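[1] Pasting the sequence and the predicted model now:
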Amino acid sequence: MQQEVVLAMLAKEPSHGYQLRERLRDALGPLGEALNAGQVYVTLTRLEKAGLLAVERSADGADRSDRKVYVLTPKGQQRVAEWIAEVAWPRPDLAEFHLKLIAAAAAGLADPLTIVDTQRRELLRRLRDAQRAAMAEPERSNAALLLEGIVLRLQADLLWLEACEKNWTHRRSGS
Amino acid sequence: MSEAADTPVLCVRGLRKEYGKGEGLVRAVDGVDLDIGAGETVAIMGPSGCGKSTLLHLLGGLDRPSGGEVLLNGRRTDNLSEKALARMRRTDVGFVFQSFQLMEELTAVENVELSALLAGRSPRAARRRAEGLLDQLGLADRARFLPSALSGGQRQRVAVARALSNEPLVVLADEPTGNLDSAATMDVLQLFEELHESGQTLVIVTHDARIAATADRMFSMRDGALVDETRLTGGTTGQLGALVGLED
Amino acid sequence: MGRILLVGRLALRDLRRRRTEAALLLIAILAATTTLTLGLVLRDAASDPYQSTRAATNGPDVVANFPSADRLEKLVSAAGVTDHSGPYPVSAAKLQTSGRTSDVQAVGRDAAPVSVDQPKVIQGSWVSDGGVVVEAAFANALALRIGDTVTLAGRSFTVVGEAVTAAMPPYPGSSCLVDRGCGRGLDPDEKAPAGLLLKPGLVWLTQADARSLTSDPASRAFVLNLKLADPTQAPAFVDTNIAASLVGTNPGDGGHPVGLQSWQEILNDATELARDSQILLLIGAWLLGLLAVASLSVLVGGRMADQTRRVGLLKAVGGTPSLVAAVMLAEYLLLAVVAAAAGLAIGALSAPLLAESSSGLVGSAGTPALTWSTVALVTAVALAVAVLATAVPAVRGARSSTVSALADAARPPRRTGWLIAVSTRLPVPLLLAVRAAARRPRRVVLAVLSIAVTVSGIYVLLVLNAVLGTPTLTGRYSEAQLDVLRHVLLVWTVILLILAAVNAVVLTWATVLDNRHASALARALGATPQEVTVALAAAQVLPALIGAVLGVFPGGFGLFAAIMAITGGEGDRATLPSLWQLLTLVLATVLVVAALTAVPARLGGRRPVTETL
């Protein structure tokens, strides 16, 4: 769970841990179902240790994690502001797959085309699931938007896999 | 090659379509075997020029094969006369084209009822059916509009309504989202899901992975032959959340 | 100058690319120009032979006749008279040759030539004792040859010569010189008094022979030929002197005035046949002109999509709207000029075949010359036809915006809501046919018009053909002349039919091409090829049916009335075609159109669907 995300979720107002989880689930829709509850609390603790968060005591004074109220420190607020203004974009991580193909071909471990095919199948199934989920969402909900992005990314990845297939077929027939 | 459902709606054996001869022989469809069960959605994907449109035309009786058999509900269609093929197209097969192929001077409802009129239904019955279908597809308020006044997605929905007009055994769609933008494509995707749920047999030819992903089975086509089959029903290897990558 | 060359080059290149269309356009205009040329040339040709005859024979300006010679003598000294010949005796008699009998007026002449009206001998020799010279047209009609023996009023004579004169119209026309009176022929309505001369021919004898033929005063008269100082004043002379002779009628004159005829009247009578044929041809020419405009509109309009894109391209590379319009018009004007020239040539060369009415006039066998006015008129008509049919698309194409012209694929079809609704009740082929027709209403109108024009023409042909067979006309014209009229009718009917057939085929092709997409779609949705074929044919046949009905009424009926009004003919005596004939005509038209459209329609119905969709 990215730290800045949790920080930003607290920017509006101090919240309990479970409120945080609610907000995340709301924003992620069905993808939020898989969100590990524990993950959130681990991140919260880390952020507290780093001094970006502070803990307010809850009203009834109990020391249970989910009753703690978390609030941003000034350092935390600054961090959030910086994060909002950043234009970093998640890197497409294609190098790993690309190297997988080359290694398999070079070492004779497996047929690259088979690898590509298998991956394609997997991605298609994921695409199907994501599409289904997207259609189940009400129009213009947060989750629908996110799912559209996922679908488009998968589509792009599939296009690249098609190119890989063409390329490796050509290589094979050429060699 | 592929598992058939109990009674395949569409059964294809060794289908071939060739143009030219000798040096200039082009095998547009080169020995295709295929079984499609009732209620299945089948997608055929491939690069342009691989023969998928030709295959679809052969399935629907718009073109005659050079060899092989096509059986629709157990009856052979590849050796029918033009007249019998026309009749078959009326009642057993519905077409959806990439460029919609609506008559520009007819309103939406007139376009949809044309199918039924050509099949010999009375004008009133045809009109009722057309209006019902448009209603089902959410176009009731656009029924009297000309195609030029409809968006791409709406036009394709009218085309689908027309294809469904005579309750066909199978709907054949040739690049149904080829001329549509992203939002309209979602629209049509939704429509095909609904059709699938209602038990309509669908064969879709496409190069768009999103459309293909709605199918139960997906075939890859290359150089006139089906080279790969993927069964898409059945879960993915991971949870949806993995798609999002929220874990470190 | 450079621009004109550019326009010309572009136009020529375009025509070369579209040869079939250019050829069809050429044929359409050619039909109109040929017929028009024929009509005009005949009109000119009509008066020429008579003029030549007048010149060759020193034809008289006025011909006078009266039972007694003394009255005629007085005319010699009337105002304006410069020369005269006669008075010559005239006797009416019966002429018998092997198997044929005819009334004649025999004029007694001297062997020596005179200065006014010396008939020109074209075969044999002039009058001699016991010899008879026959007027050339009369000789033709009776198949008389030099040396034949004929009986005149019971006496034998030998045919010694054939001659032509300008003093009387050629057989079977005639001027009546005797009191007995003359008739044109068997007319069932006319109560012919006994003794009437029927279609009398003209012969010449010596004066002695002529006088001795008969002693019946009613069969004898005298004829006087006068030359005036001013030939153009001949009609005025006739009027003045008829009035004068009325006033000064002496007792014992029989109570009637001197018979006077100006040469203009004789010319009129002499050229009757050519005039009538000419009128028929002119009307035919206008009809063909209409058909040509219709064909052109179809041919030009059908290629509108092509034109529009060409216009767009021309404009996109810098052509101004005027240049664009100029190129388009230049093409069709070029065709029109070629068609005019060809029409003039064909018309001039074939006119003699039609103008050969009788041999009774000198110079009638030559090639009628093309006058400048004829050339100008025919060219003007050809240009007008071309401009009429093409101006509208040309201007519209030039005015359209470049972008829309480039992007434009074709004219969008028209939507006629009520027709679409009505068509749903029809069986499939008719449904498709009605919708195909509704898509292009202007083409339907053109189809109706062209059939209507054709059927009107055939209606008139039927009437005239019937009229040509009736005794009324056989009285006015000889058999040979009737043949000429029939030929004329045949000429323009054939041209009319060819043009109409071309029109029908072109219109069907245009419909088939225009409906390519709709037909393919209909077949993809389940229409059989037969249904589509029938639909495409019906889209032509239905307008043809409407056109045929309109062509019969008011079309043909009105056209015939117009012809009768123009020619001043006896329209009330003509029997209009019976109802059965008209129904057959309509049915035949529909069947012919169906046959003509069958091939394009069938080809259109069987075209592979996948190509089009």
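    Yep, it's here.

[2] List, one by one, the residues from chain B near chain C.
    Selection of chain B residues close to chain C by CB under 8 Å from any CB of the partner chain yields B:57, B:62-63, B:82-83, B:86-91, B:95, B:97, B:101, B:103-106, B:110, B:113-115, B:117-120, B:123, B:126-127, B:146, B:162, B:166. (Glycine included, C-beta is placed from N, CA and C.)

[3] at 6 Å instead, please
    B:57, B:62-63, B:82-83, B:86, B:89-90, B:95, B:101, B:105, B:115, B:117-118, B:123 (CB under 6 Å from any CB of the partner chain).

[4] what's the farthest-apart pair in the residues you listed?
    B:63 and B:123 (31.3 Å; CB to CB).

[5] remind me which residues of the stretch 351-500 of chain C are low pLDDT?
    C:352-369, C:389-412, C:467, C:469-481 (pLDDT under 70).

[6] repeat for chain A
    In chain A, residues with pLDDT under 70: A:1, A:34-35, A:58-66, A:174-175.

[7] Now do the helices in it.
    Assigned by DSSP state H, chain A shows helices spanning A:3-9, A:17-28, A:37-49, A:74-85, A:95-107, A:112-136, A:142-174.

[8] Dump those into JSON lines; add mean neighbour count and distance to chain B as well.
    Compiled in JSON lines, the helices of chain A are given as follows (neighbours: other CB atoms under 10 Å in any protein chain shown; distance: least, CB to the nearest CB, whole Å):
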{"stretch": "helix A:3-9", "mean neighbour count": "18", "distance to chain B": "8"}
{"stretch": "helix A:17-28", "mean neighbour count": "16", "distance to chain B": "7"}
{"stretch": "helix A:37-49", "mean neighbour count": "15", "distance to chain B": "7"}
{"stretch": "helix A:74-85", "mean neighbour count": "14", "distance to chain B": "16"}
{"stretch": "helix A:95-107", "mean neighbour count": "13", "distance to chain B": "14"}
{"stretch": "helix A:112-136", "mean neighbour count": "20", "distance to chain B": "4"}
{"stretch": "helix A:142-174", "mean neighbour count": "16", "distance to chain B": "4"}
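
[9] Compare the ones you listed and report which one is nearest to residue C:153.
    Here helix A:142-174 is closest among the helices of chain A (CB to CB), at 115.6 Å.

[10] Report all helices and strands that that closest one contacts.
    Helix A:142-174 sits against helix A:112-136, helix B:209-212, with contacts defined as 3 or more CB pairs under 6 Å, 6 or more residues apart in numbering or on different chains; DSSP states H and E.

[11] Dump these into TSV; add distance to residue C:212 as well.
    Shown next, in TSV, are the helices and strands packed on helix A:142-174 (distance: least, CB to CB, whole Å):
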stretch	distance to residue C:212
helix A:112-136	125
helix B:209-212	117
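
[12] thinking again about what came up before, just the ones of the residues of chain B next to chain C in strands?
    Judged by DSSP state E, these include residue B:95 as members of strands.

[13] which of the residues of chain B next to chain C lies closest to residue C:259?
    Of those, the one sitting nearest to residue C:259 (CB to CB) turns out to be residue B:105, at 75.3 Å.

[14] backbone phi and psi for the closest one, please?
    Backbone geometry at residue B:105, expressed as degrees, to the nearest 10, gives phi -90, psi 0.

[15] isn't it right up against residue C:416?
    No. With contact defined as CB atoms under 6 Å, residue B:105 does not reach residue C:416; the gap is 8.4 Å.

[16] ok, now how distant is residue A:23 from residue A:2?
    15 Å (CB to CB, to the nearest Å).

[17] same thing with residue C:593?
    Taken as CB to CB, the span from residue C:593 to residue A:2 is 80 Å.

[18] the more surrounded of these two?
    Of the pair residue C:593 and residue A:2, residue C:593 is the one with more neighbours under other CB atoms under 10 Å in any protein chain shown, namely 29 against 13.

[19] Distance check, that one against residue C:507.
    10 Å.

[20] Next, the contact list for the closest residue to residue B:94 other than its chain neighbours, please.
    Closest residue to residue B:94 apart from its sequence neighbours, by CB to CB, 6 or more residues apart in numbering or on different chains: residue B:163 at 3.1 Å. Residues near residue B:163 by CB atoms under 6 Å, 6 or more residues apart in numbering or on different chains: B:94, B:95, B:96, B:171.

[21] please redo it, this time with the cut-off set to 8 Å
    B:94, B:95, B:96, B:115, B:171, B:173 (CB atoms under 8 Å, 6 or more residues apart in numbering or on different chains).

[22] same question, residue C:611
    residue C:520.

[23] residues shared between the contacts of residue C:593 and residue C:507?
    In contact with both residue C:593 and residue C:507: residue C:540, using CB under 8 Å, 6+ apart.

[24] And for stretch C:207-214, what's in contact with it?
    Outside stretch C:207-214, the residues that reach it (CB under 8 Å, 6+ apart) are C:88-93, C:106-110, C:129-130, C:152-153, C:155, C:157, C:205, C:220.

[25] Would you mind listing what in the stretch 351-500 of chain C touches chain B?
    So far as CB under 8 Å from any CB goes, the stretch 351-500 of chain C lies against chain B at C:412, C:413, C:414, C:415, C:420, C:424, C:425, C:428, C:431, C:439.

[26] Just the buried residues out of these, in PyMOL syntax.
    Here is the PyMOL command that selects only those of those that count as buried (16 or more other CB atoms under 10 Å in any protein chain shown):
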select buried, chain C and resi 413+415+420+424+428+431+439
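
[27] Save the residues of the stretch 351-500 of chain C next to chain B as TSV, and put in secondary structure too.
    Shown next, in TSV, are these (DSSP: H, G, I helix; E, B strand; the rest coil):
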residue	secondary structure
C:412	coil
C:413	coil
C:414	coil
C:415	coil
C:420	helix
C:424	coil
C:425	coil
C:428	helix
C:431	helix
C:439	helix
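
[28] ok so, going back, looking at residue B:63 and residue B:123, which one has more neighbours?
    Between residue B:63 and residue B:123, counting by other CB under 10 Å, residue B:63 is the more crowded of the two (22 against 17).

[29] Quick check: the more buried one touching residue B:57?
    Yes. With contact defined as CB atoms under 8 Å, residue B:63 reaches residue B:57; the gap is 4.1 Å.

[30] In chain B, what residue lies closest to chain C?
    Using CB to the nearest CB, residue B:90 is the residue of chain B that sits closest to chain C, at 3.0 Å.

[31] so what's the residue nearest to that residue when sequence neighbours are not counted up against?
    Among residues not flanking residue B:90 along the chain, residue C:526 sits closest, at 3.0 Å (CB to CB, 6+ apart). For residue C:526, the contacting residues are B:86, B:87, B:88, B:89, B:90, B:91, B:115, B:118, B:119, B:166, by CB under 8 Å, 6+ apart.

[32] So for the strand or helix carrying residue B:194, mean pLDDT?
    Assigned by DSSP states H and E, residue B:194 belongs to helix B:182-197. In this model, helix B:182-197 has a mean pLDDT of 88.

[33] what comes up buried for that helix?
    B:184, B:185, B:186, B:187, B:188, B:189, B:190, B:191, B:192, B:193, B:195, B:196.
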